[in-house]
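In: how would this look folded up:
(one chain, ligands or ions: 1)
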Amino acid sequence: MPQYYIKDDHEAIIPKDLFRRVQEERKRRRAGVKVPCGKTRHYNKRTCFSLKVFCGRCGDIYHRVAYNYSDEHGQVVKWLCITGHDHDLVTCHGRPISERRLKEVCLAAFNQIIKPNKAFRAKLQRNISHAINQVNEEKATQLDRELDRLQILLVNQSPHSESYEKIANEFAKNQQQRDELQTIHDQQTEEIEKIVNLQKFIDSNSKQLNEFDEHLVRQLIKKITIQETYCDVEFQNGDSLKVNL
Ligand SMILES: [Zn+2]
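Out: As a prediction, this is how the structure comes out:
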């Protein structure tokens, strides 16, 4: 079935912001992640930890396994290094972690950054100004002006003239540069948005959190690496911290 990309046509149905976030998440899942053994891992189950938990030993992803017990334990959910379950690869002894523990790790990580953590906040501010500095508004305006000028020139040329082709080529070249600039701009907007989300989170939580919230994991955490005695929790702005196991 053919797919059509209709730019800016979804605003009426859902907010543009949300639409972009959903698209981003879909893109992330479709693309999967490349792991050190050369494979690309995909994950279809929609949990907030999918494609975010990694093995500190071999670098591969962790996957979710549910064990059903008939006694008082009921169901126990664990996350394990996928290499240990992949038959054509050597077994990895990366430390398994229960989902309950994983949630506690996230909660602890969130509480570490909302403690009166001035250093983390200052870092976020620096991240934002760095991202903003990269946005080249001036160049974009210049290109827009040039495109307008060339367009007017084109309208006044005979399509069969030699100069028409020359101007058309020039127009295409400028248009491509403008598109590239737009892509960079969009990526940076995404980056800034992630950092602003972190900042908002810190600003709106002065007290310690008591309950795990999977939305926060989806929004703020980029990666969790399981080591022997601790976890490395990386936030969306690239900063990370350790939580002991
Ligand atoms: Zn492993």
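In: how's this structure carved up into domains?
Out: 1-114+214-245, 116-207 (automatic domain parsing).
In: Kindly reformat these as JSON lines and extend each row with mean pLDDT and mean neighbour count.
Out: C-betas here are computed from N, CA, C, even on glycine. Formatted as JSON lines, the domains of the chain follow (pLDDT from 0 to 100; neighbours: other CB atoms under 10 Å):
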{"stretch": "domain 1-114+214-245", "mean pLDDT": "80", "mean neighbour count": "15"}
{"stretch": "domain 116-207", "mean pLDDT": "82", "mean neighbour count": "14"}
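In: Tell me which of these lies nearest to the ion.
Out: domain 1-114+214-245 (3.1 Å; CB to the ion).
In: Let me know whether that closest one sits next to the ion.
Out: Yes - contact of domain 1-114+214-245 with the ion (CB under 5 Å from the ion) involves 55, 57-58, 60, 81, 83, 92, 94.
In: Return the closest of those with respect to V233.
Out: C55 (14.8 Å; CB to CB).
In: my read: that closest one touches E228, true?
Out: No - taking contacts as CB atoms under 8 Å, C55 lies outside contact range of E228: 11.0 Å.
In: where's I167, which helix or strand?
Out: I167 belongs to helix 162-204 when assigned by DSSP states H and E.
In: Which elements pack onto that helix?
Out: helix 99-114, helix 118-134, helix 137-155, helix 214-220 (3 or more CB pairs under 8 Å, 6 or more residues apart in numbering; DSSP states H and E).
In: mind running it again at 10 Å?
Out: helix 16-31, helix 99-114, helix 118-134, helix 137-155, helix 214-220, strand 230-235 (3 or more CB pairs under 10 Å, 6 or more residues apart in numbering; DSSP states H and E).
In: Make JSON lines out of the ones you listed and add distance to E170.
Out: Shown next, in JSON lines, are the helices and strands packed on helix 162-204 (distance: least, CB to CB, whole Å):
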{"stretch": "helix 16-31", "distance to E170": "32"}
{"stretch": "helix 99-114", "distance to E170": "50"}
{"stretch": "helix 118-134", "distance to E170": "27"}
{"stretch": "helix 137-155", "distance to E170": "6"}
{"stretch": "helix 214-220", "distance to E170": "44"}
{"stretch": "strand 230-235", "distance to E170": "44"}
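In: Settle this for me: F212 is touching N111, isn't it.
Out: No - F212 lies out of contact with N111 (CB atoms under 10 Å); the separation is 11.2 Å.
In: Tell me which of the helices and strands packed on helix 162-204 sits nearest to Q187.
Out: Of all the helices and strands packed on helix 162-204, helix 118-134 comes closest under CB to CB, at 9.5 Å.
In: Can I get that closest one in CSV? Just the C-alpha atoms.
Out: Below are the C-alpha coordinates for helix 118-134, written out as CSV (Å, rounded to 0.1, in the frame of the first residue of the first chain):
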residue,chain,number,x,y,z
LYS,A,118,22.6,23.0,41.1
ALA,A,119,25.4,21.4,39.1
PHE,A,120,23.0,19.3,37.0
ARG,A,121,20.8,22.3,36.4
ALA,A,122,23.7,24.5,35.3
LYS,A,123,24.8,21.8,32.9
LEU,A,124,21.4,21.7,31.3
GLN,A,125,21.5,25.5,30.9
ARG,A,126,24.9,25.1,29.1
ASN,A,127,23.4,22.3,26.9
ILE,A,128,20.6,24.6,25.9
SER,A,129,22.8,27.5,25.0
HIS,A,130,25.1,25.2,23.0
ALA,A,131,22.2,23.8,21.0
ILE,A,132,20.8,27.3,20.3
ASN,A,133,24.1,28.6,19.2
GLN,A,134,24.2,26.0,16.5
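In: who touches that helix?
Out: 112-114, 117, 184-185, 187-196, 198-199, 202-203, 235-239, 241 (CB atoms under 10 Å, 6 or more residues apart in numbering).
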